[in-house]
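Colleague: I would like the atomic coordinates for the input below:
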Amino acid sequence: MTDTTGPLEPTMRHLCVCADDFGMSPGINAAVLELAELGKISATSGMVRRGAWAAGARALRRLDATRLDVGLHLDLTRPDTPDGPEPGLAGLIARTYTRTVFSPVLHADIRDQFTRFEDAMGRAPAFVDGHRHVHQFPVVRELLVDEIVRRYPKSPPWVRYTAPVDRSGPDRLKARVIHALGGARLAALAAEHGIPVSRRLLGVYDFTGDVQGYEARLADWLAACRTGDVLMCHPSTGIQPGDPHGSARMREYAVLRALSLPPQGQAGAIAITPLSQVFRRGELAHA
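Modeller: Next comes the predicted model:
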């Protein structure tokens, strides 16, 4: 994997490549573990209430925590059955934006997910983000920040920011909509409490296309990246029943597995680096 133990080079861009949805299925777990060993990703976020989490967490614990940030993928839209479809986001958005969601139950769910992560990993999450970006919704973000401050007052995990890359293209609208759902408010709230926040979010697209299409998107994201950005991805070695993005996950896995970056030392080179290491070395301000 990419060496992050030496001093950071000023010309090097340090990008966090984060594989989401760990714990959702054995295929996702297998892809994440392999890509981590190959150094093609530097973070993964776990869904602690899904069926493949417990077994996957045991494997994650064997990996070097300095080379892979393992975070909590806050999961508030779980299916009713293991192989069932996830409910739509509209209901949760409506309840949080009108602040009619029952906060005590929501807070208990958030606390439970942190506890499950700590019990399985034996440590705090390196970061927190949200499945379908729910971590930035109203009410959710306040409860989340409160829980982070309560649990980790001296060394809080970083939080994923959803600011889009300012580029044209077919995926621009989706990226802007995601950010509009609460990204700026979450970043401001985190800053008030000294919680580190990532820079921008790359990897947003509509999960359509073929391998060549994803290769082109990935090349564009890599060209645009800066130190502190997070490039999210959703790889899997197989298709889970009921997963609408199964084919896209397999395409992403194939492309990421074959990813080759320019050698370090070249102008504009990219190192796939855990974002916690970037913060630790002062490459980004903690807010």
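Colleague: ok now do E142, which residues does it touch?
Modeller: Shown here is E142, whose contacts under the criterion C-beta atoms under 8 Å, 6 or more residues apart in numbering are L189. For the C-beta atoms, the positions are set from N, CA and C on the backbone; glycine is no exception.
Colleague: Would you check how far apart it and A163 are?
Modeller: If you measure E142 against A163 using C-beta to C-beta, to the nearest Å, the figure is 20 Å.
Colleague: Kindly report the same for G228.
Modeller: 11 Å.
Colleague: so what sits against both of those two?
Modeller: Contact with both G228 and A163 is made by residues 199-200, according to C-beta under 8 Å, 6+ apart.
Colleague: For these two, indicate the residue with more neighbours.
Modeller: Applying other C-beta atoms under 10 Å to G228 and A163 shows that G228 carries more neighbours, namely 23 against 18.
Colleague: Can you tell me the element the more buried one falls in?
Modeller: Take DSSP states H and E as the rule and G228 turns out to sit in neither a helix nor a strand.
Colleague: which ones are touching it?
Modeller: 14, 16, 198-200, 275, 278, 283-284.
Colleague: out of those residues, who has the most neighbours?
Modeller: The residue in the contacts of G228 with the most neighbours, by other C-beta under 10 Å, is L275 (30 neighbours).
Colleague: For the closest residue to it other than its chain neighbours, give me the pLDDT.
Modeller: The shortest distance from L275 to any residue that is not its chain neighbour, by C-beta to C-beta, 6 or more residues apart in numbering, is 4.1 Å, and that residue is C16. Confidence at C16, expressed as pLDDT, is 98.
Colleague: And what about C16, helix, strand or coil?
Modeller: Under the three-state scheme (DSSP: H, G, I helix; E, B strand; the rest coil), C16 adopts strand.
Colleague: correct me, but P196 touches P156?
Modeller: Yes - P196 sits in contact with P156 when judged by C-beta atoms under 8 Å, with a separation of 7.0 Å.
Colleague: Mind checking which of those two has more residues around it?
Modeller: Neighbours around P196 and P156, counted as other C-beta under 10 Å, are more numerous at P196. The numbers are 23 against 20.
Colleague: before we move on, the earlier item: let's have the contacts of G228 in CSV, adding distance to D129 and secondary structure.
Modeller: Output for these, formatted as CSV (distance: C-beta to C-beta, whole Å; DSSP: H, G, I helix; E, B strand; the rest coil):
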residue, distance to D129, secondary structure
H14, 18, strand
C16, 11, strand
S198, 9, coil
R199, 14, coil
R200, 14, coil
L275, 11, helix
V278, 16, helix
E283, 20, coil
L284, 16, coil
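Colleague: can you list the residues you listed in a markdown table and add distance to Q240?
Modeller: Converted to a markdown table, the contacts of G228 look like this (distance: C-beta to C-beta, whole Å):
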| residue | distance to Q240 |
| --- | --- |
| H14 | 32 |
| C16 | 25 |
| S198 | 27 |
| R199 | 31 |
| R200 | 29 |
| L275 | 27 |
| V278 | 32 |
| E283 | 36 |
| L284 | 35 |
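Colleague: for the residues you listed, which one is nearest L76?
Modeller: Ranking the contacts of G228 by separation from L76, with C-beta to C-beta as the measure, puts S198 on top at 20.3 Å.
Colleague: picking that back up, go ahead and confirm the residue nearest to L275 touches Q277.
Modeller: No - the pair formed by C16 and Q277 falls short of the contact definition of C-beta under 8 Å, at 9.2 Å.
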